[in-house]
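Peer 1: Generate a structure from the sequence data that follows.
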Amino acid sequence: MGIANENLAPRYPKFVQKLFGMKGPQSTPQISGEIAVTMNVFAGVENRFLESWDVFAGANGNVPNVAGVAGVKIRNPGGSNVIAVVERLSVSANIAGSCTIELAINATDYVVTSNAAQAMDGRQRPRSTLITTTTNAATTGATLGANTAIDFAILGINQPPVQLIVVDDQEFVVSPGWALQVLGVTNNQSITFSIKWRERLLEESERQ
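Peer 2: Presented below is the predicted three-dimensional model:
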């Protein structure tokens, strides 16, 4: 038999039990009958695992190509049942130019698979669901589709990386079936990138 205001988001009771080392059945089976929910529990990155998040990061680049532009793509496969949040994304280049950042539905990868998927916590699963690939042979304007650009960056010659995420509200959500892409606009440009993201399974209430 159900209970009033039953908590149907299992990762939160699981987090509370792990954080405080509680034994037995679900410790928070229901919410208060009044509007009294508070969420300010997060205290540090070590708690991401307890909140059912897996965190990954990496850095890579591509070789310049006089006949093409550089691109980096991180894709969440359709049907993965995983939600991902990109927390850090920085880019730099070997020659002056710019790049566009796009976020859209996409089902294809570049040819070269990147190594940007290092687990950031020894307690979590070692492999990411997301697929990170790079290219140096894209054509100018090879976007993910019309009106998919959400940001751009001006890159100097061998300058410090441009940080595309400065505050939490600038983080990118990559849903199942979607991809985040950084695409140069200048031939013979090499893009070096650093990326960090967290991912977890979608809960029933979040699935479309």
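Peer 1: can we go C-alpha only for contacts and neighbour counts from here?
Peer 2: Noted.
Peer 1: Where does the prediction get shaky in the protein?
Peer 2: Residue ranges of the chain with pLDDT under 70: 1-2, 5, 27, 31-42, 115-116, 140-141, 208.
Peer 1: and it, what are its domains?
Peer 2: Structural domains assigned to the chain are 11-41, 54-204, following automatic domain parsing.
Peer 1: what's the spacing between the spatially most central residue of the chain and residue 196?
Peer 2: Nearest residue to the geometric centre of the chain (Cα atoms, centre = their mean): residue 86, 3.0 Å. Applying Cα to Cα, to the nearest Å, the value for residue 86 to residue 196 is 6 Å.
Peer 1: overlap in contacts of those two?
Peer 2: The overlap between the contact sets of residue 86 and residue 196 (Cα atoms under 8 Å, 6 or more residues apart in numbering) is empty.
Peer 1: Sketch out the helices for the chain, chain order is fine.
Peer 2: Ranges of helices in the chain, per DSSP state H, are 11-20.
Peer 1: the strands in it, which residues?
Peer 2: 54-61, 69-75, 82-93, 97-105, 112-113, 118-119, 131-138, 149-155, 162-163, 172-174, 178-184, 191-201 (DSSP state E).
Peer 1: Can you lay out the ones you listed as CSV showing distance to residue 25?
Peer 2: CSV is the format used below for the strands of the chain (distance: least, Cα to Cα, whole Å):
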stretch, distance to residue 25
strand 54-61, 24
strand 69-75, 37
strand 82-93, 26
strand 97-105, 40
strand 112-113, 43
strand 118-119, 30
strand 131-138, 37
strand 149-155, 45
strand 162-163, 44
strand 172-174, 33
strand 178-184, 37
strand 191-201, 22
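Peer 1: and residue 48, which of these is closest to it?
Peer 2: Residue 48 lies closest, by Cα to Cα, to one member of those: strand 54-61, at 7.1 Å.
Peer 1: could you check the angle strand 82-93 makes with that closest one?
Peer 2: Inter-element angle recorded for strand 54-61 and strand 82-93: 30 degrees (by axes from the mean of the first three to the mean of the last three Cα atoms, to 10 degrees).
Peer 1: could I have strand 54-61 exported to PDB, CA atoms only?
Peer 2: Taking Å, rounded to 0.1, in the frame of the first residue of the first chain, the C-alpha atoms of strand 54-61 are listed here in PDB:
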ATOM      1  CA  ASP A  54      29.800   9.500 -12.200                       C
ATOM      2  CA  VAL A  55      32.400  12.200 -13.200                       C
ATOM      3  CA  PHE A  56      34.700  12.000 -16.200                       C
ATOM      4  CA  ALA A  57      37.300  14.300 -17.700                       C
ATOM      5  CA  GLY A  58      40.000  14.500 -20.300                       C
ATOM      6  CA  ALA A  59      42.000  16.600 -22.700                       C
ATOM      7  CA  ASN A  60      43.000  16.100 -26.300                       C
ATOM      8  CA  GLY A  61      43.600  17.900 -29.600                       C
END
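Peer 1: Look up the residues forming beta bridges with residue 56.
Peer 2: Beta-bridge partners for residue 56, by DSSP bridges, are residue 119, residue 197.
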